[in-house]
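# Could you look at this predicted model? Sequence included:
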Amino acid sequence: MEESLRSAAFGDGLPPPDSFAVPASPRGRLLAAIGLGARGRYAAAATLLAGLRTSKDPVLASLAASTLASHRRQLGGHAAALVLDGEALALAIAEPAGESDIDGLDAEGARADALLGLAADNLGRGRLAAARRLLARAEAHTGNWRSRTRAGWVGAEIELASNISRAAIAPAEMALETAQARGACRHVVKSRLVLGVTIANGSSADGDRAKALVESARETAEKYEFNSLLWVACLLAADLGAGHADEYRFRGAEVLHAVLRHADPCGRWLARQSPWVPR
């Protein structure tokens, strides 16, 4: 079961045969929480992560805190995520390297997750200088494909927020290439969204490529029920002047409503308070 959960989280994106079974192993529960979050089932994910955050294994506890932080950030809760990412870094910062994991579920990956999360949290709160410093610190720990992909996302978003669109293209392209090389369906979807937005905001914008990237991401997110990304992809597709803009906006609102219904009370509250989440 753990292999199918890993594939759902970091591979082909297909949910495991029994998506509602609670895995016996702590690693399995972490993978299940990651997969649940990808599909916008934040309450179910938070339940699993709450137990993992108190694990006696500091690496596992750190990864759980970072994962919950990511889910809070996806609902616009950057301040709440900042606390969780700080917790994750404190747990992982001094841990020995130990056995490596292909997807970065190890001490180095935990450090990268925490630092990249903190960079994204600061970016969301408009603290660009702090975000750049944290991204630079994280780069020493990005030895696995997942950390490199996430570093590309954060790097591109920092440049976009700094109005340096040309500088955002290289990290966004790198993220997409890295995710594609791993065959990580969900990470490819987000990488296409990041690159599409980056290109659309460039000074020599290739509008057709930007639309194609976002539309491809939207179709894949719809197919695999990556609802945490689907509502964003729908709104981006509408904003980029797609021929079915009203339909996409309606679908985006519909998916977001479903996501919020499957969020825990804290997640719903954060979304209501956030300027990043449409009402």
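Done, it's in. Residues are numbered from 1 along each chain as shown.
# Identify each buried residue in stretch 137-152, please.
Applying a neighbour-count criterion of 16 or more other CB atoms under 10 Å, one finds 137-138, 141-142, 144-152 buried in stretch 137-152. To be clear about C-beta, it is placed using only N, CA and C from the backbone, and glycine gets the same treatment.
# Farthest-apart pair in these, please.
Greatest spacing in the buried residues of stretch 137-152, by CB to CB: Arg137 and Trp145 (19.4 Å).
# Return the backbone torsion pair for Asp12.
phi -70, psi -10 (degrees, to the nearest 10).
# what's the neighbour count on it?
Other residues within reach of Asp12, judged by other CB atoms under 10 Å, total 12.
# can you pull the contacts of it?
Shown here is Asp12, whose contacts under the criterion CB atoms under 8 Å, 6 or more residues apart in numbering are Gly183, Cys185.
# just the one 4 residues further on next, same as before
Contacts were defined as CB under 8 Å, 6+ apart; by that measure Pro16 touches Met1, Ser4, Leu5, Ser7, Ala8, Gly35.
# what residue is smack in the middle of the protein?
Ser70 (6.1 Å; CA atoms, centre = their mean).
# Helix or strand: which one has it?
helix 58-74 (DSSP states H and E).
# returning to that earlier point: I'd like the buried residues of stretch 137-152 as JSON lines, with pLDDT, distance to Leu48 and secondary structure appended.
What follows is the buried residues of stretch 137-152, written out as JSON lines (pLDDT from 0 to 100; distance: CB to CB, whole Å; DSSP: H, G, I helix; E, B strand; the rest coil):
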{"residue": "Arg137", "pLDDT": "97", "distance to Leu48": "29", "secondary structure": "helix"}
{"residue": "Ala138", "pLDDT": "97", "distance to Leu48": "25", "secondary structure": "helix"}
{"residue": "His141", "pLDDT": "95", "distance to Leu48": "25", "secondary structure": "helix"}
{"residue": "Thr142", "pLDDT": "93", "distance to Leu48": "26", "secondary structure": "coil"}
{"residue": "Asn144", "pLDDT": "97", "distance to Leu48": "23", "secondary structure": "coil"}
{"residue": "Trp145", "pLDDT": "98", "distance to Leu48": "24", "secondary structure": "helix"}
{"residue": "Arg146", "pLDDT": "98", "distance to Leu48": "19", "secondary structure": "helix"}
{"residue": "Ser147", "pLDDT": "98", "distance to Leu48": "22", "secondary structure": "helix"}
{"residue": "Arg148", "pLDDT": "98", "distance to Leu48": "26", "secondary structure": "helix"}
{"residue": "Thr149", "pLDDT": "98", "distance to Leu48": "23", "secondary structure": "helix"}
{"residue": "Arg150", "pLDDT": "98", "distance to Leu48": "21", "secondary structure": "helix"}
{"residue": "Ala151", "pLDDT": "98", "distance to Leu48": "26", "secondary structure": "helix"}
{"residue": "Gly152", "pLDDT": "98", "distance to Leu48": "28", "secondary structure": "helix"}
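# what's the nearest residue to Ala217 if we skip its chain neighbours?
In space, Ala217 comes closest to Arg192 once its chain neighbours are excluded; the distance is 4.0 Å by CB to CB, 6 or more residues apart in numbering.
# Secondary structure element for that neighbour, which one?
helix 185-200.
# Could you export that helix as PDB, keeping only the C-alpha atoms?
The C-alpha coordinates for helix 185-200 follow below in PDB (Å, rounded to 0.1, in the frame of the first residue of the first chain):
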ATOM      1  CA  CYS A 185       2.200  14.200 -12.300                       C
ATOM      2  CA  ARG A 186       1.100  16.600  -9.600                       C
ATOM      3  CA  HIS A 187       4.400  18.500  -9.600                       C
ATOM      4  CA  VAL A 188       4.300  18.800 -13.400                       C
ATOM      5  CA  VAL A 189       0.800  20.300 -13.100                       C
ATOM      6  CA  LYS A 190       2.000  23.000 -10.600                       C
ATOM      7  CA  SER A 191       5.200  23.600 -12.600                       C
ATOM      8  CA  ARG A 192       3.100  24.200 -15.700                       C
ATOM      9  CA  LEU A 193       1.000  26.700 -13.800                       C
ATOM     10  CA  VAL A 194       4.100  28.500 -12.400                       C
ATOM     11  CA  LEU A 195       5.700  28.600 -15.800                       C
ATOM     12  CA  GLY A 196       2.500  29.700 -17.600                       C
ATOM     13  CA  VAL A 197       2.100  32.600 -15.200                       C
ATOM     14  CA  THR A 198       5.800  33.500 -15.500                       C
ATOM     15  CA  ILE A 199       5.600  33.600 -19.300                       C
ATOM     16  CA  ALA A 200       2.400  35.500 -19.300                       C
END
